[in-house]
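# A predicted structure for the sequence below; I have some questions about it.
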Amino acid sequence: MAAITAALVGALRAKTDAPMMECKKALTEAEGDMDRAEEILRVKLGSKASKAASRVTAEGVVASYISGGVGALVEVNCETDFVTKNDDFLAMANTVAKLIAEHNPADIAALGALPLEGKTVEEVRAALVGKIGENMSFRRFARFETQAKLVSYLHGTRIGVIVEFDGADEQVGKDVAMHIAAMKPVSLSTEQVPADLIAKERSVAEQKAAESGKEAKFVEKMVEGAVSKFLKEVSLFNQPFVKNDKQTVEQMLKSVNSSVKAFTMYVVGEGIEKKVDDFAAEVAAQVAAAKQA
């Protein structure tokens, strides 16, 4: 069994906001498996114990660029929020978004090899690291090339969205992009929700239903109902439209003869573990206090 260290407990608390002793118990039960411990907390404490998607765990910015039917979205990470306000850092992020749209690099390595200011993108990045004194990296990007329309929306610099859509009204695309930034769907439709997310949600639902003590036939209905609700909540077309919650997004699009073909959303730092410092001492003190009690 893996050692349940104070740092590990602190990391789980940072992801879930659950009480530290509950985090320690969950990690012990999960034998140190972080994902399993988070699932255990969700079963015991409810959905409030899963905030990883809404809490950023690294700093940086999202930048976008669109020209006609070509566009790009890129996430550039750094160590502190201070650097996200640096003009040189922001200029590099915006320039890189344009380069991605224009040159269509295959991956991050290919992006780093693109020419920029008489150097390569990687050389410019390294020089800026030396100038500012803080590490930074290009984490991920998405590129669109389409005969349809493209629109982007940036919520500050921390959330970025690009939407590919059809329709005469440009405002529709902008409204959908803002909706995505607010509601954070994971797919266009229920059929496109990733299988691993469905499996994880089903596992949580099964454990909650089993603890209800009801008959098997009712437990099965509870599980299917929970999964069905989850699929509607995370698929764009089934979500209530933020500007008119009497309609789903799909109904709104049909009413204005528009359709959404694809979208990409980046939230800065999503899924990146941030170094835990103060939590470790705090956890150790509470564990010691609990033992004395």
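Yep, that arrived.
# which helix in this protein has the most residues?
helix 216-234 (DSSP state H).
# buried sites along that one?
Within helix 216-234, the residues that qualify as buried are 219, 222-223, 226-227, 230-231, 233-234, counting by 16 or more other CB atoms under 10 Å. Every C-beta, even on glycine, is put in place using the N, C-alpha and C of the backbone.
# can you put these in CSV and add distance to residue 83?
Below are the buried residues of helix 216-234 laid out as CSV (distance: CB to CB, whole Å):
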residue, distance to residue 83
219, 51
222, 47
223, 46
226, 42
227, 41
230, 37
231, 39
233, 35
234, 32
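# among the residues you listed, show me the least confident.
Among the buried residues of helix 216-234, residue 219 carries the weakest pLDDT, at 78.
# quick one: residues contacting that one.
206, 209-210, 212 (CB atoms under 8 Å, 6 or more residues apart in numbering).
# how about the helices in the stretch 151-293 of the chain?
Along the stretch 151-293 of the chain, counting by DSSP state H, counting those that start in this stretch, helices occupy 170-183, 195-210, 216-234, 249-255, 278-292.
# who wins for proximity to residue 81 among the ones you listed?
Evaluated over the helices of the stretch 151-293 of the chain, closeness to residue 81 peaks at helix 278-292, with 17.0 Å, by CB to CB.
# closest one of the buried residues of helix 216-234 to residue 129?
Using CB to CB, residue 234 comes nearest to residue 129 of those, at 36.8 Å.
# okay, now the residue nearest to that closest one when sequence neighbours are not counted: neighbour count?
Leaving aside its chain neighbours, residue 234 sits nearest to residue 186 (4.7 Å; criterion: CB to CB, 6 or more residues apart in numbering). By other CB atoms under 10 Å, the residues close to residue 186 number 15.
# try residue 78
Applying other CB under 10 Å, we find 23 other residues in the vicinity of residue 78.
# can you check the one 10 residues further on too?
Neighbourhood size, residue 88 [other CB under 10 Å]: 13.
# again with residue 83
22.
# hang on, the earlier thing: for the residue nearest to residue 234, give me phi and psi.
Main-chain torsions, residue 186, degrees, to the nearest 10: phi -100, psi -10.
# out of the helices of the stretch 151-293 of the chain, which one sits most buried?
helix 170-183 (a mean of 19; mean count of other CB atoms under 10 Å).
# tell me which residues are up against that helix.
Counting by CB under 8 Å, 6+ apart, 149-153, 155, 159-163, 165, 167, 236, 239, 241-243, 249, 253, 256, 258, 260, 263, 265 sit against helix 170-183.
# report the buried members of those residues.
Buried among those (16+ other CB under 10 Å): 149-153, 159-163, 165, 167, 236, 239, 241-242, 249, 253, 258, 260, 263, 265.
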